[in-house]
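In: Got a predicted model here, sequence first, then my questions.
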Amino acid sequence: MTIDVTDRRLNVQPLASVIGAEIGGIDLSEALDQQTVAELETLLLEWKVLFFRNQRINYDQQIAFARNFGEVTPAHPIQRGHADKPEIFVVESRTAKKQFEHGTERAPFDPRDEPDPIGTPISPSSRIRPSPPSFVEL
């Protein structure tokens, strides 16, 4: 079901009855006019999550798009963002990261990189960390 409102220039396709809509009729690589920004703000308040499919935008265009809605902050409060663009936090598969050569810096230890992460029921006992001392002796 596409929602058609005469003053809307964007195509809005609800993805569920309460939350989420796909937005069409927009090119995020181009600068947006104030009417489009206002319409997107209204849609975001209405649908809570907006999806823009098949957009070919680079990091600078993504940051410019975000600036339409306020100050752009570092991408993640704990994890580092992209080395050159801290506003960008790459969230995608390891295969895509390797293919596009971004997000390749490694954390000192990431248990997801281990074939059998520490603490899983099938971990060999030599890899299980000892429990910290208890403050209450029973």
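Out: Right, received. Where do you want to start?

In: rest of the way, CA atoms for contacts and neighbours
Out: OK.

In: What ranges does this structure have for its strands?
Out: Counting by DSSP state E, the chain has these strands, from start to end: 11-14, 21-24, 50-51.

In: tell me which residues in the second one are buried?
Out: By neighbour count, with 16 or more other C-alpha atoms under 10 Å as the criterion, the buried positions of strand 21-24 are 21-23.

In: top helix in this protein by residue count?
Out: Selection of the longest helix in the chain by residue count, based on DSSP state H, yields helix 34-47.

In: related to what we said a few turns ago, could the strands of the chain be laid out in a markdown table, adding distance to Thr73 and mean pLDDT?
Out: Listed next are the strands of the chain as a markdown table, based on distance: least, C-alpha to C-alpha, whole Å; pLDDT from 0 to 100:
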| stretch | distance to Thr73 | mean pLDDT |
| --- | --- | --- |
| strand 11-14 | 28 | 95 |
| strand 21-24 | 24 | 96 |
| strand 50-51 | 20 | 94 |
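
In: For those strands, give me CSV that also has distance to Gly70.
Out: Compiled in CSV, these are given as follows (distance: least, C-alpha to C-alpha, whole Å):
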stretch, distance to Gly70
strand 11-14, 23
strand 21-24, 20
strand 50-51, 17
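
In: Which among the ones you listed is found nearest to Pro74?
Out: Judged by C-alpha to C-alpha, the one of the strands of the chain that comes nearest to Pro74 is strand 50-51, at 20.8 Å.

In: in its sheet, what does that closest one sit against?
Out: If you go by DSSP bridges, strand 50-51 pairs up with strand 21-24 (parallel).

In: Dump the C-alpha coordinates for the strand it pairs with into PDB.
Out: C-alpha atoms of strand 21-24 as PDB (Å, rounded to 0.1, in the frame of the first residue of the first chain):
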ATOM      1  CA  ALA A  21       8.400   2.900   6.000                       C
ATOM      2  CA  GLU A  22      10.400   2.700   2.700                       C
ATOM      3  CA  ILE A  23      10.900   6.100   1.100                       C
ATOM      4  CA  GLY A  24      11.200   6.500  -2.600                       C
END
